[in-house]
Each structure stands twice: as C-alpha cells, then as structure tokens.
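A.B. asks: for reference, the sequence and a predicted model appear below.
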Amino acid sequence: MSNVAKLCFLPGKLGRGAVVLMSDRSIQTVEEPMKFRTLHILMLVCVVFSCTSKSLLADEYRLRAKCKSEKRLSSELVLVRHAKSHFKGICRDGRAVFEVPAEQEQAMRSMAIGVDSEIPHVQERSTRLLISYSDEFNKPANETLKTAGLQMIQDYENGSFLIVEPMGDVTANTVEALMADDAVAYVAPDYIMSIPQSEASEEIRPSAADSASDDPFLNKLWGMKNCGATQVWPRVHDSANIIVAVIDSGVDYRHPDLQDNMWSRGGKHGYDFYDNDDDPLDEENHGTHCAGTIAGVGNNGVGVVGVTWKAQIMAMRFLGPDGSGSTSDAVKCIDWAVANGAHILSNSWGGPDTSPELSEAVARAERKGVLFVAAAGNTGGSGNNNDLRPNYPSALRSVNVISVGAIDENDARGSFSHYGKQSVDIGAPGVQILSTVRNNKYDTYSGTSMATPHVAGAAALVWSNTFSTPTQSPEQMAKVRDLIYENARPVAALRDFWGQAAPARVPGGVLDITFLSKTPPDNPPPPTEVPRLRLVENRMIVDPARLR
Amino acid sequence: MWKLLCGIGLTLFLFPMADDTPPQPGVSVECCGRLRHGIVEIGGETTGTTITFNRIVWELQLNSDAHREFAKQNHKEPVIVTGTLRKIVGIETKIRWIIDVRTISKRDATKDEESAKMTIEGTLRTADPRNGDYPEMMVRTHDQVWPIDVSADAELQTRANLFIGRCVLLTGSLERVTEQVDDEESDTPLVVRVKTLKRSANVPIQGQSD
C-alpha cells in the first residue's frame, strides 16, 4: 500500500477545489487543478476499487482453500488449470473435476460428448508437462518451477508455454506451487501420440501441398489460406451432403459461382420471410457475398471459391434492401431452415436486443443438432466488448452458437470487430474479403459478417469429413463445433479478445482447419505399427459425472 | 470505509456534476414517425430501434430504461421523438443516422403527419452549381451537411446571402426535393425548408462539404 496515491482536498486554494497526489514512496508532491468531473470520476474509481478489492481477495482465498481441500487427491493429480482461467478446478487421470457455474453446466456437458472417441488417439502420456502462460512479459518464475519440482526443458514462446520435466513425482506440492503463481495460465501433460508415417510426411511437406483450384481470383482470397482451406483441399474440398442456410438478405442463386451449389426443393432455393414468398433472391448483396465465402463453386474456372467447393446453400431472406430486418422474421428463418434439414445456420446479422422468441429458436436448433454460427458484430472505431454490451444472437448462450470475430491478413483483430473473452469464441478472416455479389459480380467487403461464413464453410467441411452420414444430431453438431474450437490456432495478440469461455478453449484462437488434411474419416483403417512422433496435445477432458 | 463513503457522498452533494462544456454546433430534431423495435442489421450495426417517416429511416439511441420499455410497448406505433441527430460511418452499413433520444411519446397519427422539424446550428455555405448541387445553399455542422431551401421567403433569401460563411442557427422541416411518384424513388434528395434563420455566436466550421 506504500505507493498508493492519496487524495487530499484543498478547497479554496485552487479555485473551488484541488487535488494533491502524494506518494508514500517518493517525496515528490504534485499539485494540479482538476475539473470537477474528473475529480468525481476519480472518487468513484476509489469507491469501486475499495468495494471490489475485497471480493477479489475473497475469491482468491476461496480458490486456494479449495485447492487445499483437494490435497488428498494429490497422488493422482496430473493436470491443473489455474484459478484465474474460466474453468476452475483440477484434473487427474486426464479427466477434469471442474467447479462450474450452473449456467455453464449445460455447455460443459455438451463438451463431454464424444470425449471417449477422442481418447484412443492418445497413445502415451509423457512425464513432461506444458505450462501455458498468458503474458509473455509475465512468465512463471523460476522459483515456482523449483518449488514445484520441475525442470524447464524449453520456453516455446510461439505457443506461449514452457515444456518442463518433473524432477520427481508430480505431487500436491507441484499443483499448489503452480496455482500460487499468477503467471501460470494452465498446465497440461505433454502427450506422445502415434500418427501414421504417411501423414507425418504430409505434415512436413511444404506449402506445395496447397491446392490451387483454377478459380481465377484464388490468389486474392487470403482468408482461404489463412484458415488452412488451401492446405486441406488436396485431401478434401467437398461437403455435398451438408446444407448451410444463409440467413441474411437472400442469395443471388443465379450467380454462376453459386448456382450449382444451391439447395433446391421443387425448384425453390429457400424462403423469403421479408416479402413472405418462396423467392429468396437477394436485393442487397450481403447474403450473396456470404454464400460465396461458404461455398462458392470450386475449380470451375470462374471467379472465387468457397471454403468448401461443394455444399448446399439454402437461401433464407429476412433482411431487406436496406440491410435491416426484424427479429421475428429471423426466428421464422431459423425454424424454416431447421425444419428443412439445414445442418449449419450462417448468421451475419445482429442487434443489441434479444427476445425470448429468438433465444428459443436458437435453443430449438440446438436440440435438433444444428450449428448456429453468428457474427460478433461491428462498431466503427475500436469495436465493442460484447461481454459488457452484448450483441445478439451471437451472445446467446446456447451451446450450438459459435460467435465469430474478424481478423485481418496479419492475424490482427479487425479494428471494428466486436470482442469479448466470454462472449466471442473464435476469430476468422473478415477484412477485405472478396466474394460474390449480385448480377454475376464480385466485390470486397469487411466485417464480422465476412468472418462468419468462413467458419460456416469450414464447419461444413469438418462435418462431412467427420461423419460419413451427416445428420442433424446434437452429438454430431457438438463434435463438429469442438473440432473447430480445439484446432483453433492460438494467436497471442488475440488472447485478450476471445476464446476463453466454454465450450471454446483456445484463448485468441482463429479458425484453422488444417487438421482436416491429416484426420482420417470416421472409419479409419486398423492402426499399424509406425514410428512415433511427438505432437503436442493440450486438451482438457471433462468427466460429466463429476460436474456439480 | 464508512468515513470514506460519507466523505465521497458529502463531496458529491456539495459539488454536483455540471455540464460545463459549451454547446456544440449540431442538429436537434423533432421527428413524427413510426417506431420499430427489435431491429437487426447486417453486421449487427444498429441500435435496434428505428423511426420511419416519409421513407426515411433513422436509428434511435434510447438512453434510459424507461425509453427502452416504451419502445418495446410501442413497436410499430406512431410516435414523436426529440433529440440530437448524428451521422456515423459504419463498416458494412456505410452511413448510419442516429437520434440520441431526449424525449419519446405517443403520437396521434390522425393529427400529426409524419415529418421532421430540425434546428441546425452550423456554417452557411454556397453549393457548387457545377456539381449539380440543388438547392444552392447548405449548412454544415461538424458531421453533417444539409442542403437548405430559402426560396419561399425573399427576406430569408436576403438574410441567407448575408450570412454566407458565417455560423447560423436555423429551423425548418426536412422534405424531399420532389414529390414521390412511387416507392422506387426513395432516394430522392432531401432538403431542409427553412422557416427561421439568424446569426449564431459560434465559430464557423472550416473544411469542405462531405
């Protein structure tokens, strides 16, 4: 407390009031007149600080007390996530015991779906641990490692983690020491995995593996390279049996780069709830632009290409020529698309208000097993923190919602992009995105609206590549969503912007589907003995039975 | 702790916050139109509430719970709104017009027609007829440029000519340059038909028109 500034009021000396800032540590005294508004703000800050500091201390105390109470489990502890991360708890035997708020329980349960199928990939657990730190300027102290009985092997700054080797057994002391260090974000075992040699050789192959479709604007589609689509295309580029509903201003289904990929039933390509008819032709361009990013026809020698070269685009129109629409029409679009078989809903729209009808519609989609990809939103200037001022539907808490922020070509957040550690899940390309617009044309747009279809298109590829018979199913939806989250590429500069809430698990993660270039489909050939390669597995697994 | 709180309370009581910033040139409006609430927009670029009049749509920034509750209750109803108008450049929605609402109330649609009365404080400028600008004068605020029409009154015309390049305070109504023929002509230019015009003490705003 010695260096905390003290405030003294000297009425009458400098106008109607003055503030003297004094530091106990220094003998310097500074006097400056202040406007009353600034003075009041300062005082309010003092009040807020004095009220919150105590609760912060209490929270920390509670968590540490919790850790001590778990000491009897110490011999089994192998994995710990620090109290200041979103999930509070400690893990053992590869399974986590979490203390979760009630409202997150559903999300956590959903995370657990499909966990068992993931476990067989793990061949062996190394004795090594990975200690992730949240700030490169505030790394875990050497003293911490020493107390924890750990020896540092490598500081891998690109991934913001230390690779450490226990000098003895991993005990409760290890856990306590790590939890006591604020610089520790979380700790995970460094798994050793077996992968087929053929895939290993693919991985080390340079970018020559990138597939160049013959679409003439491919070199302008930086987003396709950024999200790894170009690396995936040599192995998989179609998701013909996946229906992606573009809930937007409609789609120009006559566009030569889209017409072969339009969903169709009875000659109709969707529905128009703006004009209440069955012709969802776009009158604004926005929906057509999104559709081109999702599934612009690939390798047709025309224009652009989507993240997936082949999918079924269902055109849903509820935004008018001015780009606005009503929540009630959005609800109708959601229900119509779900009822007509859509697997993924791409929602590049939003607003500050929600309604029970909207959240119910998204929940109905969730129960059916339909993924709901939503734009985090734009605000000129420096964006908006959705944790404080939510934007809907992206801020809805249904587990099928993926809230998408925008990044530029340098992996920086688009200056306009909304963010939120808790309410935004992942980033995707959304600055200067070239795609289709009405009347056989192409144009470059920016916005989280452009980031959203990158994720929707990627989800289509993941879905068709993961399940040989894709259906609307909560299990399949959860698996697809988790694969997108788990394989997100962490970007240190984005760590404070998104990806810290369940079920997203990669702070600052951006869309990365390169794993599809390695992952076999869901009927893999029997494993064969192959040389082992070291990969990093940094994944937390939830045991739903242990959820409170 | 209690001493601190009491001290702060006393200080707040003795020195209430005062808005001591000088009034900025700007646009105040009284707008009669139809309210829409629960609006969504591409990229989420909306306040979620709009007022529509004469095929013009302006967003409403509601600044109190009472206003938000009113908007919920009066979706699609005729209302009168007063406030200040601002223009911001969006990302996916290129231009957004937003009224920071001061008051909002129900309107008797049989008595009050859809309209917007404007009070503008800004710098009077001449338009460039070579650019096809019509009418020949405009008033510029820090973020907006409004074409004005003073042709209805000879005295107003004379006064306006004297005030070119100076800061003025004018009142008028927002209208379309020509009458609408059908809905497709919703982009017909807007003009402020001036009713009163006087000099303002504010400093003229420099710079080119938008």
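C.D. replies: Received the coordinates, thanks. Predicted model only: the values in this text are computed from it and were never measured.

A.B. asks: would you list every one of the strands in chain B?
C.D. replies: B:27-37, B:39-42, B:49-53, B:56-61, B:78-89, B:95-106, B:115-126, B:137-140, B:145-149, B:167-176, B:190-199 (DSSP state E).

A.B. asks: I'd like to know which of these lies nearest to residue A:187.
C.D. replies: Taking C-beta to C-beta, strand B:39-42 is the member of the strands of chain B nearest to residue A:187, at 42.0 Å. For every residue, glycine as well, the C-beta is placed using N, CA and C.

A.B. asks: so what does the closest one touch, helix or strand wise?
C.D. replies: Packing partners of strand B:39-42 (3 or more C-beta pairs under 8 Å, 6 or more residues apart in numbering or on different chains; DSSP states H and E): strand A:324-326, helix A:327-339, strand A:349-350.

A.B. asks: of those, which is nearest residue A:467?
C.D. replies: Counting by C-beta to C-beta, residue A:467 lies closest to helix A:327-339 out of those; the figure is 18.0 Å.

A.B. asks: bridge partners for the spatially closest residue to residue B:164 that is not a sequence neighbour, pull those for me.
C.D. replies: Leaving aside its chain neighbours, residue B:164 sits nearest to residue B:124 (5.5 Å; criterion: C-beta to C-beta, 6 or more residues apart in numbering or on different chains). Note on residue B:124: beta-bridge partners by DSSP bridges are residue B:139.

A.B. asks: didn't residue B:124 look like it was pressed against residue B:139?
C.D. replies: Yes: taking contacts as C-beta atoms under 8 Å, residue B:124 lies within contact range of residue B:139: 5.5 Å.

A.B. asks: can you say which of the strands of chain B is packed in most?
C.D. replies: Ranked by mean neighbour count under mean count of other C-beta atoms under 10 Å in any protein chain shown, the strands of chain B are led by strand B:39-42, which reaches a mean of 27.

A.B. asks: need the residues touching each of residue B:124 and residue B:139.
C.D. replies: Contact criterion C-beta atoms under 8 Å, 6 or more residues apart in numbering or on different chains; residues shared by residue B:124 and residue B:139: B:148, B:168.

A.B. asks: for residue 104, give me the pLDDT.
C.D. replies: Using chain A here. At residue A:104, the model reports a pLDDT of 49.

A.B. asks: try again with chain B
C.D. replies: For residue B:104, the predicted pLDDT is 96.

A.B. asks: show me what it is bridged to.
C.D. replies: Beta-bridge pairing for residue B:104 (DSSP bridges): residue B:81.

A.B. asks: roughly how far does it sit from residue B:117?
C.D. replies: 15 Å (C-beta to C-beta, to the nearest Å).

A.B. asks: tell me which of the strands of chain B sits nearest to residue A:246.
C.D. replies: Residue A:246 lies closest to strand B:39-42 among these, at 11.9 Å (C-beta to C-beta).

A.B. asks: quick one: strands adjacent to that closest one?
C.D. replies: According to DSSP bridges, strand B:39-42 forms sheet pairs with strand A:324-326 (antiparallel), strand A:349-350 (antiparallel).

A.B. asks: now those in TSV, with mean pLDDT, mean neighbour count and distance to residue A:490?
C.D. replies: Formatted as TSV, those follow (pLDDT from 0 to 100; neighbours: other C-beta atoms under 10 Å in any protein chain shown; distance: least, C-beta to C-beta, whole Å):
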stretch	mean pLDDT	mean neighbour count	distance to residue A:490
strand A:324-326	94	24	35
strand A:349-350	96	34	26
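
A.B. asks: and of those, who's closest to residue A:265?
C.D. replies: Evaluated over the strands paired with strand B:39-42, closeness to residue A:265 peaks at strand A:324-326, with 23.1 Å, by C-beta to C-beta.

A.B. asks: burial count for residue A:439?
C.D. replies: Residue A:439 has 11 neighbouring residues, counting by other C-beta atoms under 10 Å in any protein chain shown.

A.B. asks: show me where pLDDT drops low in chain B?
C.D. replies: Within chain B, the segments meeting pLDDT under 70 span B:1-25, B:128-134, B:178-187, B:203-210.

A.B. asks: try it again with 50
C.D. replies: Applying pLDDT under 50 to chain B flags residues B:12-23, B:180, B:185, B:208-210.

A.B. asks: tell me the SS of the closest residue to residue A:500 other than its chain neighbours?
C.D. replies: In space, residue A:500 comes closest to residue A:421 once its chain neighbours are excluded; the distance is 4.2 Å by C-beta to C-beta, 6+ apart. For residue A:421, the assignment made with DSSP: H, G, I helix; E, B strand; the rest coil gives coil.

A.B. asks: surely residue A:511 and residue A:490 touch.
C.D. replies: No: taking contacts as C-beta under 8 Å, residue A:511 lies outside contact range of residue A:490: 11.9 Å.

A.B. asks: neighbour-wise, which of those two wins?
C.D. replies: Neighbour count, other C-beta under 10 Å: between residue A:511 and residue A:490, residue A:511 has more, with 28 against 19.

A.B. asks: gap between the more buried one and chain B?
C.D. replies: 18 Å (C-beta to the nearest C-beta, to the nearest Å).

A.B. asks: which residues touch that residue?
C.D. replies: Residues in contact with residue A:511 (C-beta under 8 Å, 6+ apart) are A:226-228, A:426-429, A:454-455, A:458, A:484, A:488-489.

A.B. asks: do the same with residue A:476
C.D. replies: Residues near residue A:476 by C-beta under 8 Å, 6+ apart: A:369, A:463, A:466-467, A:470.

A.B. asks: same question, residue B:157
C.D. replies: By C-beta under 8 Å, 6+ apart, the contact list for residue B:157 reads B:150-151.

A.B. asks: roughly how far apart are it and chain A?
C.D. replies: Counting by C-beta to the nearest C-beta, the gap from residue B:157 to chain A is 36 Å.

A.B. asks: re the thing from before, which two from the contacts of residue A:476 end up farthest apart in space?
C.D. replies: Using C-beta to C-beta, the contacts of residue A:476 span at most 13.4 Å, a distance reached by A:369 and A:466.

A.B. asks: re the thing from before, surely the residue nearest to residue A:500 meets residue A:498?
C.D. replies: Yes: between residue A:421 and residue A:498 there is a contact at 6.4 Å, judged by C-beta under 8 Å.

A.B. asks: ok, and the most crowded of the contacts of residue A:511?
C.D. replies: When neighbours are taken as other C-beta under 10 Å, the top entry among those is residue A:427 (35 neighbours).

A.B. asks: give me the contact list for stretch A:457-466.
C.D. replies: A:227, A:229, A:232, A:236-242, A:244, A:293-295, A:306-308, A:311, A:343-344, A:371, A:373, A:402, A:428, A:470, A:476, A:479-481, A:483-484, A:511, A:513, A:516, A:519, A:521-522.

A.B. asks: tell me how many other residues surround the residue in chain B that chain A sits nearest to.
C.D. replies: Chain A sits closest to residue B:44 of chain B, with a gap of 3.1 Å, by C-beta to the nearest C-beta. Neighbour count for residue B:44, taken as other C-beta under 10 Å: 33.

A.B. asks: with residue B:70 instead?
C.D. replies: With other C-beta under 10 Å as criterion, residue B:70 counts 20.

A.B. asks: who are the contact partners of residue 139?
C.D. replies: Assuming you mean chain A. Residue A:139 touches A:133, A:155, A:162, A:183, counting by C-beta under 8 Å, 6+ apart.

A.B. asks: that's the wrong chain, I meant chain B
C.D. replies: Residue B:139 neighbours (C-beta under 8 Å, 6+ apart): B:120, B:122-125, B:145-146, B:148, B:168, B:170, B:192.
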